[in-house]
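A.B. asks: Quick one: sequence plus predicted model below, questions after.
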Amino acid sequence: MQTTGASLKQRALRALVRQAHHPRGVVGWAIGRMFAHRPSNRRRNTWAVSLLDVRPTDRVLEIGFGPGLAIRELAGRATQGHVFGIDHSQAMVRQATRRNAAAVRAGRVHLTHASVERLPSFGDPLDAILAVNSVGFWPDPVQRLRELRRLLRPAGRIALVSQPRCPGATRDTTTRAAQELQDLLTQAGFTHLRVETLELDPPVACVLADNPTGLPS
């Protein structure tokens with residue numbers, strides 16, 4: 001019976017992890033609400049947006065926006081620009097749309113059910129791109145970053161954020177995650193990399209980089 005109980009707990013944990021990665025249905029909706037109201041998530045997203053130095057007329061994209069916390073922060077800064085977002089969870093698109101309803105109605109926020117490997121068109125070049133805790137789930141992340149670089153104007157900015165959620169994660173885990181993100185950005189042709197850290201438990205790393213003049217090869 002103990003073995004059966006342990007097996008049930010493991011299956012339940014795996015199901016929750018799957019929902020966290022790709023929220024679906026009622027459970028996915030509940031997880032999104034939990035993420036939206038967790039103080040550390042709110043602080044992490046506000047901090048990440050502040051590092052991007054978004055200007056009023058900027059065109060900004062967030063990949064994997066979840067319940068839409070960072071989208072709301074971005075829209076509050078790009079007041080004369082446009083904020084785009086893609087997420088592979090329809091549940092999160094609905095939740096983020098409700099959270100940003102006024103900006104969506106005003107045509108300043110555009111949220112799409114899409115994946116990073118099948119990007120929709122965003123029209124004119126983007127000024128900045130944000131991805132929070134999502135790069136680890138991208139297929140062929142270097143290729144994805146090269147594609148994103150093509151969407152940025154010369155000197156456009158990108159911010160990749162990682163707060164490791166594996167059991168027992170520490171400051172060292174965050175440091176390794178930041179180095180991995182730096183390596184990916186370098187391989188994709190980005191320059192002027194720098195790392196910022198937010199002191200949560202575990203710490204959050206944000207790797208920022210610029211798109212140099214010219215298209216990636």
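C.D. replies: Received the coordinates, thanks.

A.B. asks: Flag the shaky bits of this structure, pLDDT-wise.
C.D. replies: In the predicted model of the chain, residues 1-39, 214-217 satisfy pLDDT under 70.

A.B. asks: And the helices in the protein, which stretches?
C.D. replies: Remark: helices assigned in the chain by DSSP state H are 2-21, 25-37, 39-51, 69-77, 90-99, 101-105, 141-151, 171-187.

A.B. asks: Now the third one - C-alpha only, CSV.
C.D. replies: What that stands for is helix 39-51. What follows is helix 39-51, C-alpha atoms only, in CSV (Å, rounded to 0.1, in the frame of the first residue of the first chain):
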residue,chain,number,x,y,z
PRO,A,39,4.3,37.6,-4.5
SER,A,40,7.6,36.2,-5.7
ASN,A,41,6.2,35.9,-9.3
ARG,A,42,4.8,39.4,-9.3
ARG,A,43,8.1,40.8,-8.0
ARG,A,44,10.1,38.8,-10.5
ASN,A,45,8.1,40.0,-13.5
THR,A,46,8.1,43.6,-12.4
TRP,A,47,11.8,43.5,-11.9
ALA,A,48,12.5,41.9,-15.3
VAL,A,49,10.4,44.5,-17.2
SER,A,50,12.2,47.3,-15.4
LEU,A,51,15.6,46.0,-16.7
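
A.B. asks: got the contact list for it?
C.D. replies: Contacts to helix 39-51, defined as Cβ atoms under 8 Å, 6 or more residues apart in numbering, come from residues 35-36, 69-70, 73-74, 77, 130, 132, 159, 161, 163, 196, 198, 200-201, 204, 206, 208. Quick note: C-beta positions are derived from backbone N, CA and C, even for glycine.

A.B. asks: Just give me the longest strand of this protein.
C.D. replies: In the chain, taking DSSP state E as the definition, the longest strand is strand 152-162.

A.B. asks: list the buried ones in it?
C.D. replies: Across strand 152-162, burial judged by 16 or more other Cβ atoms under 10 Å covers Leu152, Gly156, Arg157, Ile158, Ala159, Leu160, Val161, Ser162.

A.B. asks: In JSON lines, list those residues along with distance to Thr174.
C.D. replies: Below are the buried residues of strand 152-162 laid out as JSON lines (distance: Cβ to Cβ, whole Å):
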{"residue": "Leu152", "distance to Thr174": "26"}
{"residue": "Gly156", "distance to Thr174": "26"}
{"residue": "Arg157", "distance to Thr174": "21"}
{"residue": "Ile158", "distance to Thr174": "19"}
{"residue": "Ala159", "distance to Thr174": "15"}
{"residue": "Leu160", "distance to Thr174": "13"}
{"residue": "Val161", "distance to Thr174": "11"}
{"residue": "Ser162", "distance to Thr174": "7"}
